[in-house]
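> Structure, please.
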Amino acid sequence: MLKLALAQINPTVGDLAANARKILDYTAQAQKAGAQLVVFPELAVCGYPPEDLLLKKHFVADNIKMLDGLAKKIHGISVIIGFVDSDAGGKIYNAAAMISDGKLQEVYYKQQLPNYGVFDEKRYFTPGGNSGIMTINGVKVGVNICEDIWVDGAVYQAQAKAGAQLLINISSSPYHAGKLKDRERLLMHRARETKTPLVYVNTVGGQDELVFDGGSMIVAPDGRILARARQFEEQLLLSDGGVAAVLDEPEEIYQALVLATRDYAIKNGFKKVALGLSGGIDSALVACIACDAFGPQNVTGVSMPSAFNSKATRQDARALAKNLKMIFKEIPIKRIYASYLKTTAPSFAGLKADATEENIQARIRGNILMALSNKFGWLILTTGNKSEMAVGYCTLYGDMSGGYAVIKDVFKTKVYALARYRNSLSRAPLIPKSTLLRAPSAELRPNQTDEETLGSYEDLDKILMAYVEGHASPQEIIDAGMDAKLVARTVHLVDSNEYKRRQSPPGVKITPCAFGKDWRLPITNRYKE
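Numbering: from 1, shown residues only. You can find the predicted model right below:
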């Protein structure tokens, strides 16, 4: 059998030259390690997903030209790698190339094009029809791409029946919590089903709303995992390279958030980030993620107290910054807020204070953060969680102002779990105990708490998980034991706040149904459940 190397790399969409350098580097490493074949992920040449770059003929042509240039530099080892191919009629294909002896030897075109969730490959690609059978160093290999292995009875089965001695699936499979275990179960089943060893190579890294977790593996015909790469790290995995442990859920999610945030900033040219530090649990978790992603010397936390911020939360914000060794600024907003009230007083004469005045405070803070971003070139990280985003408990052009929404797909109850996990990694807790124990509050009016407005987060998150992620009807949620009034109110809030979510920054997907590409609720929508 071939001595294999699995190149689990982190390409950047559109950076063809940098991706090519990385491919050559990993190929050289594989060759030095004695591998006869090195396998790269799906669309590794151009990065995944390239989306509407694929509508640019020159982009497709440049990626093919880059592949041709790579091929000329590869000798003494075979390479399987993903790229975009095109035909004379202008059709394009999600393709896998086999390169050896300085030439492009064979090409396979992906047959099963996913068109659900975050995937819309039918918008761009034409499905292929070729066999994918390639002979490498005398071994008959069946090469297929990502979705080809997920669909029952697809090309992998025909390849096994045609005598393939090895099946290779190159993939760019996005992460959500528990996804690696799902893949592993599928691949073990496919290996046993075909009685053929199976090689699976996944990409790793962040790309806008997506993060890829790697976890590349080799599976024996009896379903045993012979080798597995680490999650969330680039790695060259040799066929005798050992089996990395699967991360537990809190560590897995936390690493996903760190990697996605780091890659979003770095791949978009940012070296430093900033965020508002309220002394609450959400901003505390985002600060920890940011410091782990960029180093505390590159993270600035900004406390912007008003008359409604308690001494305790101000102390917690300062203590967190000290524990993390991050840069800390305090910019009070009392005078600015008073100026706003004075300016708007003639227009608001005779009207009671309400959410308008609360939102003014949030918008002042958003303006200050964006001014710091403009002045110093920092990427502003927003700190709103999925529970808040779902029901619109956030302020447009206020706390939603920023470039990347780190915990946009993390429910409030999960925020607490991740905060406790991060504290467990340090000798002394980074996040103050008082932050974890205090009732969450926006602190925009006296004695305010989130739960007086939203109900308990435990109940709210149960309803949201059922309605948003499970697409359950309100009656089904009520029948499962949830309070009817709370369900009706929550569903109304979710449905009526799509306009806010559409204007929020991108944030990393860590659940099966994230707000963004997974969730396409119409803004104008009179259907009432």
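
> measure residue 120 to residue 210 for me?
Separation of residue 120 from residue 210 (C-beta to C-beta, to the nearest Å): 13 Å. For every residue, glycine as well, the C-beta is placed using N, CA and C.

> Over to residue 172?
Separation of residue 172 from residue 210 (C-beta to C-beta): 9 Å.

> Just the element for residue 274, please.
In this structure, residue 274 sits in strand 273-276 according to DSSP states H and E.

> elements contacting that strand?
Here strand 273-276 is seen to pack against helix 281-294, strand 299-303, helix 355-376, strand 379-382 when contacts are counted using 3 or more C-beta pairs under 8 Å, 6 or more residues apart in numbering; DSSP states H and E.

> Name the surrounding residues that touch it.
For strand 273-276, contacts defined as C-beta atoms under 8 Å, 6 or more residues apart in numbering pick out 261, 265, 283, 286-287, 290, 293-294, 298-304, 365, 369, 372-373, 376, 378-383, 399, 402.

> hang on, the earlier thing: can you list residues touching both of residue 172 and residue 210?
With C-beta under 8 Å, 6+ apart, residue 172 and residue 210 have common neighbours residue 49.

> Columns mean pLDDT on top of the helices and strands packed on strand 273-276, output as JSON lines?
Putting the helices and strands packed on strand 273-276 into JSON lines (pLDDT from 0 to 100) gives the following:
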{"stretch": "helix 281-294", "mean pLDDT": "98"}
{"stretch": "strand 299-303", "mean pLDDT": "97"}
{"stretch": "helix 355-376", "mean pLDDT": "95"}
{"stretch": "strand 379-382", "mean pLDDT": "98"}
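
> Save the ones you listed as JSON lines, and put in distance to residue 154 too.
Below are these laid out as JSON lines (distance: least, C-beta to C-beta, whole Å):
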{"stretch": "helix 281-294", "distance to residue 154": "38"}
{"stretch": "strand 299-303", "distance to residue 154": "46"}
{"stretch": "helix 355-376", "distance to residue 154": "47"}
{"stretch": "strand 379-382", "distance to residue 154": "41"}
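
> Out of the ones you listed, which is closest to residue 55?
Among the helices and strands packed on strand 273-276, strand 379-382 comes nearest to residue 55, with 28.0 Å by C-beta to C-beta.

> what residues does the helix or strand following the closest one touch?
Using DSSP H and E, the helix or strand that follows strand 379-382 in sequence is helix 386-391. Residues external to helix 386-391 that are found in contact with it (C-beta under 8 Å, 6+ apart): 393-394, 405, 407-413, 454, 457, 460-461, 464, 468, 490, 493-494, 497, 500-501, 504, 511, 515.

> Can you name the secondary structure element that comes next after helix 386-391?
In N-to-C order, the element after helix 386-391 by DSSP H and E is strand 404-405.

> what pairs with that next one, and is each one parallel or antiparallel?
strand 379-382 (parallel) (DSSP bridges).

> Can you give the distance from the strand it pairs with to the centre of its chain?
Its chain's C-alpha centre and that of strand 379-382 lie 16 Å apart, by C-alpha atoms, centre = their mean, to the nearest Å.

> Just the CA trace of that strand, in CSV.
Coordinates of the C-alpha atoms in strand 379-382 are reproduced here as CSV (Å, rounded to 0.1, in the frame of the first residue of the first chain):
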residue,chain,number,x,y,z
LEU,A,379,-10.9,45.6,14.4
ILE,A,380,-13.9,46.0,16.8
LEU,A,381,-15.2,42.8,18.2
THR,A,382,-18.9,42.8,19.2
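
> Need the residues that contact it.
261, 264-265, 268, 270, 272-275, 286, 290, 369-370, 372-373, 399-406, 408, 504-505, 507.

> for stretch 131-138, same thing?
For stretch 131-138, the surrounding residues in contact (C-beta under 8 Å, 6+ apart) are 2, 36-37, 78, 96, 98, 100, 105-106, 108, 140-144, 155, 158-159, 162, 164.

> residues touching residue 401, list them.
Listed by C-beta under 8 Å, 6+ apart, the contact set of residue 401 reads 363, 366-367, 369-370, 380, 382.

> Check those residues against residue 439 and report the nearest one.
Taking these together and measuring to residue 439 by C-beta to C-beta, the closest member is residue 382, at 21.9 Å.

> Would you mind giving both backbone torsions of the nearest residue to the closest one once chain neighbours are set aside?
Nearest residue to residue 382, sequence neighbours excluded (C-beta to C-beta, 6 or more residues apart in numbering): residue 402, at 3.9 Å. The phi/psi pair for residue 402 (degrees, to the nearest 10) reads phi 160, psi -180.

> Against residue 409, how distant is residue 402?
15 Å.

> Repeat that for residue 394.
From residue 394 to residue 409 the distance is 14 Å (C-beta to C-beta).

> do residue 417 as well
Applying C-beta to C-beta to residue 417 and residue 409 gives a distance of 14 Å.

> So for these two, which sits in the more crowded spot?
The neighbour count for residue 417 versus residue 409, taken as other C-beta atoms under 10 Å, is higher for residue 409 (27 against 16).

> Checking my notes, that one in a strand, right?
No: Residue 409: not assigned to a strand; according to DSSP: H, G, I helix; E, B strand; the rest coil it is coil.

> how near is it to residue 64?
Using C-beta to C-beta, we find residue 409 at a distance of 35 Å from residue 64.

> ditto for residue 322
53 Å.

> now swap in residue 222 and tell me
In terms of C-beta to C-beta, residue 222 sits 40 Å off from residue 64.

> which one of those two has more residues nearby?
Shown here are residue 222 and residue 64; by other C-beta under 10 Å, residue 64 has more neighbours (20 against 10).
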